[in-house]
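Engineer: fold the stuff below for me.
(one chain, ligands or ions: 2)
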Amino acid sequence: MDRYILVHYHEVGLKKNNREFFERKLKQNIELALHGLPYGRVRRISGRLLIQLPDGAEPDQMAERLRDVFGIAYFAFSWLSNQDLDRLAQDAWSLMEGRRFSSFAVNTKRGEKSFPLNSVQISAKVGAYIGLKSGARVDLEHPDLTCFIEIVETFAFLYFEKRKARGGLPVSTGGRVAVLLSGGIDSPVAAYRIIKRGCRAVFVHFHSFPHTTLDSQEKVRNLVRILARFQYSGRLYLVPFADIQRQIVAFAPPPIRIVLYRRFMVRIAEALAFKERAGALVTGESIGQVASQTLENIRAIAEAATLPILRPLIGDDKQDIISLAQDIGTLETSIQPDQDCCTLFIPKHPHTKVTLPIVRAAEAQLDVDGLVSDAVSHVAMEDHGIPSAPAKADGNI
Ligand code: ATP
Ligand code: MG
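Structural biologist: Ligands and ions are numbered 1, 2, ... in the order given. Below is the predicted model of the structure:
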């Protein structure tokens, strides 16, 4: 029997008119994710994708990578059998024969409604044969082993294990965003959440070198490399922020500095977003987590940008964010000690209710446009890939 991975998507299937577009992107992303591993043709069949498994395929590695391809609900290593029910039952038994089980279930999905028997009838027929051969009892609630059958188009597939993936939507179906990436715990998780909804992220990091060491930049590079696993590339802009901080420190009262820093950050990130044709900014802010994340201060920061600012973590608890950071593999890097640019020159008690008149009065003393364009002209741009993917994997292929 030929081997295939049967890939199921969920939300993609709901996009009526755009379904083909979503499926095509999912197929391209699967190919990018599997790059470097042996795999055969990837093709779309009704409501599913099919990946041919050649001899010498490496199932564990494939499974690890497919789990991270957004848009996939679950996938299964399957065998291609035959729509003739006698042969299907024999094939199912030949795959189960070597396994130990005292109870089993047969679970059939029938994509083709034209097929003469319905799914319950197919399960009953195959189940009767397996029962006879094995002597095991049928248990639909808690079976030791489940034989899944899928009848789709002209195919009949058999498999025994559904492997859960992360869901979401295929990367590059949702446009681009610019993520403000600190070295902290939150912003990498925010990036993950937005990439999972189909957006492609470019990353913007502000550093205060030489006031801070180069380590914080290396830390952010490592975070980008981890996140690149989910979108097959990662562009990072490193923005020198020390000059702006010096100006703010010289002219603005300490309690409002953090809001001013953030306003400059969103202005600069927006300029880079325009260059990248990104449609929104993304931050790791969460209501009430720190002094700059009160409603008033969020509003004062947002006013400096014209693009929408997306905050995927806005209502999340810290512990949930930490758990997700652990799951996606960014936590270990995020918790390494570093010197964030914003911990410099920050008073113990920042103003929690900065209003627009206050920030405007402070900024009136600064050459805002000049500082922003100066910072933008000094950014360093880096492209980070993942070892398994081609260096430049453009979303528009
Ligand atoms: P994080 O864990 O992401 O650093 P945080 O809870 O520490 O978030 P803040 O330090 O107030 O919160 O930062 C709020 C958001 O501002 C961050 O999530 C990030 O999106 C952005 N940000 C803060 N510092 C930087 C930086 N140095 N470079 C880029 N973005 C930053
Ligand atoms: Mg932080």
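
Engineer: mind listing what the residue nearest to residue 71 when sequence neighbours are not counted touches?
Structural biologist: Ranked by Cβ to Cβ, 6 or more residues apart in numbering and with sequence neighbours excluded, the top spatial neighbour of residue 71 is residue 170, at 3.8 Å. Using the backbone N, CA and C atoms, a C-beta is placed for each residue, glycine as well. The neighbourhood of residue 170, defined by Cβ atoms under 8 Å, 6 or more residues apart in numbering, consists of 12, 22, 25, 26, 29, 69, 70, 71, 198.

Engineer: so residue 170, which state does it fall into?
Structural biologist: Going by DSSP: H, G, I helix; E, B strand; the rest coil, the secondary structure assigned to residue 170 is coil.

Engineer: same question, residue 78
Structural biologist: Each residue gets one of three states, and residue 78 gets strand by three-state DSSP.

Engineer: number of nearby residues for it?
Structural biologist: Other residues lying near residue 78 total 25 when counted by other Cβ atoms under 10 Å.

Engineer: same question, residue 254
Structural biologist: Applying other Cβ under 10 Å, we find 15 other residues in the vicinity of residue 254.

Engineer: how about it, phi and psi?
Structural biologist: phi -50, psi -40 (degrees, to the nearest 10).

Engineer: what's the distance between it and ligand 1?
Structural biologist: Here the distance between residue 254 and ligand 1 works out to 16 Å (Cβ to the nearest ligand atom, to the nearest Å).

Engineer: repeat for residue 106
Structural biologist: Here the distance between residue 106 and ligand 1 works out to 49 Å (Cβ to the nearest ligand atom).

Engineer: please, which helix or strand holds that residue?
Structural biologist: Residue 106 is part of strand 103-110, with elements assigned from DSSP states H and E.

Engineer: pretty sure residue 173 is touching residue 28, no?
Structural biologist: No: judged on Cβ atoms under 8 Å, residue 173 makes no contact with residue 28 at a distance of 10.5 Å.

Engineer: if the closest residue to residue 76 other than its chain neighbours is in a bridge, with which residues?
Structural biologist: Excluding the flanking residues, the one nearest residue 76 by Cβ to Cβ, 6+ apart is residue 159, at 4.1 Å. The residues paired with residue 159 through beta bridges, assigned by DSSP bridges, are residue 148.

Engineer: just for this structure, where's the confidence low?
Structural biologist: Under the criterion of pLDDT under 70, the regions of the chain flagged as low confidence span 12-16, 291-292, 340-346, 386-397.

Engineer: picking up where we left off before, ok, residue 173 and residue 28, which is more surrounded?
Structural biologist: Between residue 173 and residue 28, counted using other Cβ under 10 Å, residue 173 has the larger neighbour count: 23 against 18.

Engineer: that one belongs to a strand?
Structural biologist: No: according to three-state DSSP, residue 173 belongs to no strand; its state is coil.

Engineer: which residues does it contact?
Structural biologist: Taking Cβ under 8 Å, 6+ apart as the criterion, residue 173 is in contact with 18, 21, 22, 25, 71, 198.

Engineer: look up phi and psi at the residue in the chain sticking out farthest from the centre.
Structural biologist: For the chain, the largest distance from the centre (Cα atoms, centre = their mean) belongs to residue 132, which lies 45.9 Å off. Note on residue 132: backbone dihedrals following degrees, to the nearest 10 are phi -60, psi -50.

Engineer: again with residue 52
Structural biologist: Main-chain torsions, residue 52, degrees, to the nearest 10: phi -70, psi 140.

Engineer: neighbours around whichever residue of the stretch 51-200 of the chain sits closest to ligand 1, how many?
Structural biologist: Using Cβ to the nearest ligand atom, the point where the stretch 51-200 of the chain gets nearest to ligand 1 is residue 184, with a distance of 2.3 Å. Residue neighbour count, defined by other Cβ under 10 Å, stands at 18 for residue 184.

Engineer: and residue 98, by the same measure?
Structural biologist: By the other Cβ under 10 Å criterion, the neighbourhood of residue 98 contains 6 residues.

Engineer: so where does residue 191 fall, helix or strand?
Structural biologist: Following DSSP H and E, one finds residue 191 within helix 186-196.

Engineer: I'd like to know which elements that helix is packed against.
Structural biologist: Contacting helix 186-196 under the criterion 3 or more Cβ pairs under 8 Å, 6 or more residues apart in numbering; DSSP states H and E are the following elements: strand 176-180, strand 200-207, helix 215-228, strand 281-282, helix 318-328.

Engineer: quick one: those as TSV, columns for mean neighbour count and distance to residue 361 too.
Structural biologist: Compiled in TSV, these are given as follows (neighbours: other Cβ atoms under 10 Å; distance: least, Cβ to Cβ, whole Å):
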stretch	mean neighbour count	distance to residue 361
strand 176-180	25	25
strand 200-207	26	24
helix 215-228	20	31
strand 281-282	26	25
helix 318-328	15	34
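
Engineer: can you list the residues of the stretch 101-250 of the chain near ligand 1?
Structural biologist: In this structure, the stretch 101-250 of the chain approaches ligand 1 at residues 180, 181, 182, 184, 185, 186, 187, 204, 205, 206, judged by Cβ under 6 Å from any ligand atom.

Engineer: need the three-state assignment for the third one.
Structural biologist: Put simply, residue 182 is coil when judged by three-state DSSP.
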